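S.K.: Next one to model:
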Amino acid sequence: MNHRPLLVFDFDGVIVDGMAEYWWSAWHACLRLDASPTGLTPDRVPDAFRRLRPWVHHGWEMVLLAAELPVLDPQVWMQSYDEAQALALQRHGWEPEQLQAALDASRDESVRQNRPAWLALHRPFPGLVARLRQLEAEGVDWAVLTTKTQAFTAELLNSLGLHPWRLDGREAGAKPQVLLQLQQQRTLCGFVEDRRATLEAVRSTPGLERLPCFLVSWGYLRPQDQSNLPPGIALLHPDRFRAPLAQWP
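M.R.: The predicted structure follows:
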């Protein structure tokens, strides 16, 4: 067993800001579904899409938001996201798998046609690349656990010159289960995420109750996400993230 500690990171919203790519791909996925967002272009992220991003958990939800954007009320969605989402799916007659397939196909096409342009839609958050490279000097390995597909994430990491000890994408399964598997192989010293609900699910999973969890302040957060965090989940600000791991909250 490798005894070096392992720090596990989410990807989108933690390492890279993928907002521009999500909008680009969601817009083109709508074209495949004959549901082009009227009056909107793929090159500029609408404010309402940006505001609703923190409520999104799966990629297919981005496609639904893009299709609904010309008519939706952001406040209604923020107050009753699940209900608004279910009504929109019913109205279009869509299934999540159908939307996810359209999103994946749009990304595949973008990568084939102009890989550099697609990669450029993702921007690492300030200081993230340098900080990840510094972890090795602290005797810490790092891994990526994401709901993006493994192939897409590997492509992006390579473009940034980043090489994690391990990469698990959407195909690997639910994040708590992957963390349990990793825990059998390595000593986990933390999980870094930008989605509070995911961290709460991890902490409530038998066997992961003691795993330190960190909610990044620079991620896609709802206004209420940073308040009254439960024990075991600490808010991680950029200045603390840049400090040695031993000084993290």
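S.K.: Tell me the helix or strand right after the longest strand along the chain.
M.R.: The longest strand of the chain (DSSP state E) is strand 187-193. Reading on from strand 187-193 to the C-terminus, the next helix or strand found by DSSP states H and E is helix 196-203.
S.K.: tell me which residues of that following helix are tucked away?
M.R.: 196, 198-200, 202-203 (16 or more other Cβ atoms under 10 Å). Every residue, glycine included, has its C-beta placed from N, CA and C.
S.K.: got it, and stretch 141-152?
M.R.: 141-149, 152.
S.K.: Repeat that for stretch 76-91.
M.R.: 77, 81, 84-85, 88-89.
S.K.: That stretch - what's its average pLDDT?
M.R.: When pLDDT is averaged over stretch 76-91, the result is 96.
S.K.: Stretch 235-244 too?
M.R.: 95.
S.K.: and that stretch, how far apart are its ends?
M.R.: 16 Å (Cα to Cα, to the nearest Å).
S.K.: try stretch 156-169
M.R.: So stretch 156-169: terminal residues 13 Å apart, Cα to Cα.
S.K.: cool, stretch 229-242 as well?
M.R.: First residue to last in stretch 229-242 (Cα to Cα) measures 21 Å.
S.K.: Now do it: distance to the chain's middle.
M.R.: 17 Å (Cα atoms, centre = their mean, to the nearest Å).
S.K.: Outside of it itself, list whatever touches it.
M.R.: 126-127, 131, 192, 196, 199-200, 203, 209-218, 226, 247-249 (Cβ atoms under 8 Å, 6 or more residues apart in numbering).
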